[in-house]
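Asks: Using only what follows, build the 3D model:
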Amino acid sequence: MRGIAKGVLLAALIGLAGCARHKEGVVADVGERAITEQELKGLAGKMPSLTKERLLWVLIDKEIMIQEAYDRGLDKDEGIRARMEGMKRIEMARLLKEELRRRMRIPEEEARRFYKERGLASLQEVKARHIMVRTKEEAEEILRALKDGADFAQLAKERSLDKVSAEQGGELGYWREGVVIGPTARKVFSMEVGECSEPFEDFQGKYHIIEVLDKHPIGFDGLKPTIVNRLKGEQINKVFREYIEAMKERLHLSTETKVVSWFVERCEELGGRLDGFSDEEKRKVIVRHGDQEALLGDYLGWLELMIKPSASRLSDSTWVARSVERFVVDCMVVPYAAHEEGIDQSEWLRSHLKKNLEGKMVTELKKQEVDRKVLTPEAVRAYYVSHKDRYYNPPRAVIRTVLLDSLKWAQEAYEKVRKGTEMADVAGDYPSFHNKYGSYGRFSLDLIEKTNHAEWAPYLDRVIKAKIGKVNRPVKLSFIKKGEFLSGYAIFDVVRREPEGFVPLETGWVRRDIERKLRVAERARIDALYEKWQAALRAKYEDKITIYPERLKSLELPESKRKPVF
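Replies: Alright, predicted model coming up:
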């Protein structure tokens, strides 16, 4: 394998070296794709231990895998295209929010009010320099030299381990109070101009001496950009929601509530399986927009791709209704708004999506050529059979609970639910539990003596005896959460009961868990297969690879520069 790769490298280095003069900034070509000096420098920053030649081959290998993936038509793979559509919608929503944020205007009086109310006038800006050494003894020796009149900048250049700041005489630039934090920052901000610190140790075991060169209040003008960004960040979600709601009104969207109700009942019948719907059922209209329609099949595909909901969620009519609203925004409102704003045609979005598409294509190609030769259906099933106890579920009940601080509130909530109000909506009428925890929850409760949900043990017997769908009167609960003793009152109903048994191998999380464990266990075999496949690809694309050795030889990679962390 290494012989093949070496032969490809030698062949690529021979012959067309002179062409580098005509390919400014290009160190190699792979077919029509040029690999530039800038790309090599960028990769060097991420993989500083590799040589220039090895870095170049990382980029070449990536490019030939991309070309191989295109040759196999993976850009047209339905699964990959569906994931790319989901990514496109996410990015369009993000870009929409960025555009709205850019348009926002924060009045100066609002920024000044924030500055005054938060007491920001006291914040200081400090310019400092330091010397970093390995031992306390060396730091003390340097401090004595400074006290005897030695030049701080010269000592920093000669002896500081922080080569980045040493070139500037040890200068760290200006630190802003509230931005640079930690014990060292507190020390610096407490020092006076001209003061030099005693040696102190950082968490990495290095010793520092710091001198403060300048210190002054930051002031409103200095903090204004930060304040404006902060206020925009606090307000953008509200602005975005209002924008989306206004767009929804313009589009005259209407949800078919009868279809949504039918969908919940059908999910109950199918046990929460999204693949059990017939083609005819998938053609049911779930949302209308003028003369356009969104079908149940569209919603099912979106659920599978974006959420992968549990069976318990699919039987919760409130959750389903909310997810349909999210589907409408994600798949109808955002694309329409992005088109109207011209975002869907932006060059950045096109380039970003192309890069991610190629990444997904390469991942799928690796799975086909390497992973699936090891993680075979037979290997996955054998692991499942030999480790089946890991995938055992005890008998369970899926319950919904409203947990409130007082018995009075719980009794009021019980009457509201009993008269037909949705439990989640009722919970929203009351404060959070102990002002810090959600008042409403839906989860599975193991119906065994030693339940994993110890806080619900006091009414485990009531859950076992409760009728499905009937709300139960308030019960007092006391339990410990995050080391804190809490007490309150709960009303609940049982959505369904699940018998004990083994989770099927076909269940998504089970298969993913097994493949993850097998991948770790078979790492050496997977690596060997990957190396063999990579060598074969290099040989296949040998005649398309041209390296310009003179340009590669003359290229200087940037040194890895990291500022010290105190």
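Asks: Tell me the spacing between Tyr384 and Ile286.
Replies: Per C-beta to C-beta, to the nearest Å, Tyr384 is found 36 Å from Ile286. C-beta: built from backbone N, CA, C; applies to glycine.
Asks: Also Lys388?
Replies: Distance of Lys388 to Ile286, computed by C-beta to C-beta: 39 Å.
Asks: who's more crowded, these two?
Replies: More crowded of Lys388 and Ile286, by other C-beta atoms under 10 Å: Ile286, with 22 against 12.
Asks: sec struct for the more buried one, please.
Replies: Using DSSP: H, G, I helix; E, B strand; the rest coil, the three-state assignment for Ile286 comes out as strand.
Asks: Gln368 versus Val58, what's the distance?
Replies: Val58 is 21 Å from Gln368, where distance means C-beta to C-beta.
Asks: Likewise for His130?
Replies: 53 Å.
Asks: more crowded one of those two?
Replies: Neighbours were counted for His130 and for Gln368 using other C-beta under 10 Å; His130 has more, 22 against 14.
Asks: In a strand, the more buried one, correct?
Replies: Yes. Counting by three-state DSSP, His130 is located in a strand.
Asks: so what's it closest to, chain neighbours aside?
Replies: Once flanking residues are discounted, His130 sits nearest to Ile210: 4.6 Å by C-beta to C-beta, 6 or more residues apart in numbering.
Asks: Burial check on that neighbour, number of neighbours?
Replies: Counted with other C-beta under 10 Å, the neighbours of Ile210 add up to 23.
Asks: CA atoms of the helix or strand hosting it as CSV?
Replies: Using DSSP states H and E, Ile210 maps to strand 207-217. The C-alpha coordinates for strand 207-217 follow below in CSV (Å, rounded to 0.1, in the frame of the first residue of the first chain):
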residue,chain,number,x,y,z
TYR,A,207,5.5,31.7,36.3
HIS,A,208,4.7,35.3,35.3
ILE,A,209,5.6,38.8,36.1
ILE,A,210,3.2,41.5,35.0
GLU,A,211,3.7,45.2,34.7
VAL,A,212,0.8,47.7,34.2
LEU,A,213,1.7,50.3,31.6
ASP,A,214,-1.6,52.3,31.3
LYS,A,215,-5.0,52.3,32.9
HIS,A,216,-8.1,54.4,32.2
PRO,A,217,-11.9,54.1,32.2
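Asks: circling back to that earlier point, for the residue nearest to His130, list the residues it contacts.
Replies: By C-beta atoms under 8 Å, 6 or more residues apart in numbering, the contact set of Ile210 is Ala128, Arg129, His130, Thr184, Lys187, Val188, Met191, Cys196, Ser197.
Asks: so the second one touches Leu213, yeah?
Replies: Yes. In this structure, Arg129 is within contact of Leu213 by C-beta atoms under 8 Å, at 6.3 Å.
Asks: Which one's more surrounded, the two?
Replies: Taking other C-beta under 10 Å, Arg129 and Leu213 do not tie; Arg129 has more neighbours (22 against 15).
Asks: Please report how far the more buried one lies from Ala156.
Replies: 7 Å.
Asks: so what sits against both of the two?
Replies: Joint contacts of Arg129 and Ala156 (C-beta under 8 Å, 6+ apart) are Ser165, Gly169, Gly170.
Asks: Show me the helices in the stretch 401-550 of the chain, by range?
Replies: Using DSSP state H, counting those that start in this stretch, the helices of the stretch 401-550 of the chain run over 407-418, 423-427, 460-465, 508-521, 523-540, 549-554.
Asks: want to throw those helices into a markdown table with distance to Lys224?
Replies: As requested, the helices of the stretch 401-550 of the chain are exported to a markdown table (distance: least, C-beta to C-beta, whole Å):
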| stretch | distance to Lys224 |
| --- | --- |
| helix 407-418 | 45 |
| helix 423-427 | 41 |
| helix 460-465 | 57 |
| helix 508-521 | 49 |
| helix 523-540 | 53 |
| helix 549-554 | 46 |
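Asks: Compare the ones you listed and give me the one nearest Asn393.
Replies: Smallest distance to Asn393 across the helices of the stretch 401-550 of the chain (C-beta to C-beta): 10.8 Å, for helix 508-521.
Asks: Let me see the mean pLDDT of the closest one.
Replies: Helix 508-521 carries an average pLDDT of 92.
Asks: repeat for stretch 466-478
Replies: The pLDDT scores in stretch 466-478 average 89.
Asks: Just the CA atoms of that stretch, as PDB, please.
Replies: Extracted in PDB, the C-alpha atoms of stretch 466-478 (Å, rounded to 0.1, in the frame of the first residue of the first chain):
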ATOM      1  CA  ALA A 466     -54.500   4.700  37.100                       C
ATOM      2  CA  LYS A 467     -56.800   4.500  34.100                       C
ATOM      3  CA  ILE A 468     -55.200   5.600  30.800                       C
ATOM      4  CA  GLY A 469     -56.200   9.100  29.900                       C
ATOM      5  CA  LYS A 470     -57.800  10.000  33.200                       C
ATOM      6  CA  VAL A 471     -56.300  12.900  35.100                       C
ATOM      7  CA  ASN A 472     -55.500  12.100  38.700                       C
ATOM      8  CA  ARG A 473     -56.100  14.300  41.800                       C
ATOM      9  CA  PRO A 474     -53.100  16.200  43.300                       C
ATOM     10  CA  VAL A 475     -50.600  14.100  45.100                       C
ATOM     11  CA  LYS A 476     -47.800  15.600  47.300                       C
ATOM     12  CA  LEU A 477     -44.200  14.900  46.300                       C
ATOM     13  CA  SER A 478     -40.900  15.500  48.100                       C
END
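Asks: And the contacts of that stretch?
Replies: Stretch 466-478 has contacts (C-beta under 8 Å, 6+ apart) with 403, 407, 410-411, 414, 417-418, 423, 455-456, 458-459, 462, 485-497.
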